[in-house]
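Engineer: structure, please.
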Amino acid sequence: MYLQDDYFVYTHPDADKTIDMVIAGDDAGLSGYNTGELFIHEFGDGTRDLVWIDGSGTARRMPSVYVNSISAPNQDDNTIWRDSSSNALAWKAGGQAYSILGDRNSVGNVGGLQLSSVQQGVKVEFGTDEKRFLPQEFRLFRGKDPNPTNDLGIIGNGHVDSDATDGETYYYKVRETTTLADGSTSTDVTEIKSITYEEPYPGSPATSAPQNISVGFGNAVSGPYPVIVTWDDTRDGYDVLVQIDQQDSFGAPWNTLFSSIVPESESPGYHSQNDDGKTFTDSELGYRVKVTLYYTHPDGAGPTATVYKSSPSGSGS
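Structural biologist: Residues are numbered from 1 along each chain as shown. Now for the predicted structure:
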């Protein structure tokens, strides 16, 4: 066990190779200790934690969310060891034993690339050894041949590549980079896989608009008000765009309050406060509002349906 700058590091045997494990602790708020010290400290609230002094002289303690209580009746109090059953770092304080695995001080070994067609594009999923403490970056590459070199940038697991064309075949790979405790980086790359993107949408834009649209402002006696829109969803396979405009006075120009695409799985309804966290005062809603709805499709929008509704006061004041 040793200290590497801001990290506590210990050795974890894994099959035929040795891997360092690293832990980054919370600031313990202690002073008066020397860099590199390792000890068990009893805090003012009665808890006792493993504490070390990092490379900058900051006292750090285990973040409790990553600590597991274990049974270790044969271990002495105030000792530190590696638990043989889990290979995790363990220690005992106040008669209770704890363990924490930490992060492998190595690349995340990304793999298991999975590609699927979703309404917004190609969904990219993969498996990896996710780090709690070490910086980790996933970068997506795409191409039209089996050597994808087009860097699409940093992504998260489950990223959707929205720049995909129906019927086109794409090759993908994900490169994972881990910044190790000493500041160096290590990388790993998934296998390369291809997919022919198939839009889950129907083959063409809708030929009709949502029906029986209703607009309300909730049950509030006074504002601010949500905007609540419901409709009959008569077309399978389409999302619905909801746009809300307001007019300050009769004949005045229309101003867009907001617009939002409601996935088919959530149709047929939209509640601004629930979906977007938006509520509006009488002044913001103005004299009246206009609600426009249509079914969306990658090849174009379907016909629109528009309804008008007086604002709650009807005066915009």
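Engineer: residues near residue 207, how many?
Structural biologist: Using other C-beta atoms under 10 Å, residue 207 has 9 other residues around it. Glycine gets a C-beta too; all of them are placed from N, C-alpha and C.
Engineer: show me the residues around it that make contact.
Structural biologist: By C-beta atoms under 8 Å, 6 or more residues apart in numbering, the residues touching residue 207 are 302, 303.
Engineer: what of residue 152?
Structural biologist: When contacts are counted by C-beta under 8 Å, 6+ apart, residue 152 touches 139, 140, 141, 142, 161.
Engineer: repeat that for residue 98.
Structural biologist: Shown in contact with residue 98 (C-beta under 8 Å, 6+ apart): 50, 62, 67, 68, 69, 70, 90, 91, 92.
Engineer: can you flag which of the residues you listed belong to helices?
Structural biologist: Taking DSSP state H, every one of the contacts of residue 98 sits outside helices.
Engineer: closest one to residue 173 out of the residues you listed, please.
Structural biologist: Nearest to residue 173 among those: residue 68, at 35.4 Å, using C-beta to C-beta.
Engineer: how much space between the closest one and residue 39?
Structural biologist: Residue 68 sits 21 Å away from residue 39, going by C-beta to C-beta, to the nearest Å.
Engineer: find the helix or strand that the residue nearest the centre of the chain is a member of.
Structural biologist: Central residue of the chain (C-alpha atoms, centre = their mean): residue 156, 7.3 Å from the mean position. Counting by DSSP states H and E, no helix or strand carries residue 156.
Engineer: thinking again about what came up before, just the contacts of residue 152 now: which is nearest residue 278?
Structural biologist: Nearest to residue 278 among the contacts of residue 152, with distances taken as C-beta to C-beta, is residue 161, at 29.2 Å.
Engineer: partners of the closest one in the sheet?
Structural biologist: Bridge pairing for residue 161 (DSSP bridges) gives the partners residue 122.
Engineer: hmm, back to that, what about the contacts of residue 152, which one has the most neighbours?
Structural biologist: Neighbour-wise, the contacts of residue 152 (other C-beta under 10 Å) top out at residue 140, 22 neighbours.
Engineer: does that one have beta-bridge partners, and which?
Structural biologist: Assessed by DSSP bridges, residue 140 has beta-bridge partners residue 153, residue 174.
Engineer: surely it meets residue 160?
Structural biologist: No - between residue 140 and residue 160 there is no contact under C-beta atoms under 8 Å: 10.6 Å.
Engineer: overlap in contacts, those two.
Structural biologist: Jointly contacting residue 140 and residue 160 under the rule C-beta under 8 Å, 6+ apart are residue 124.
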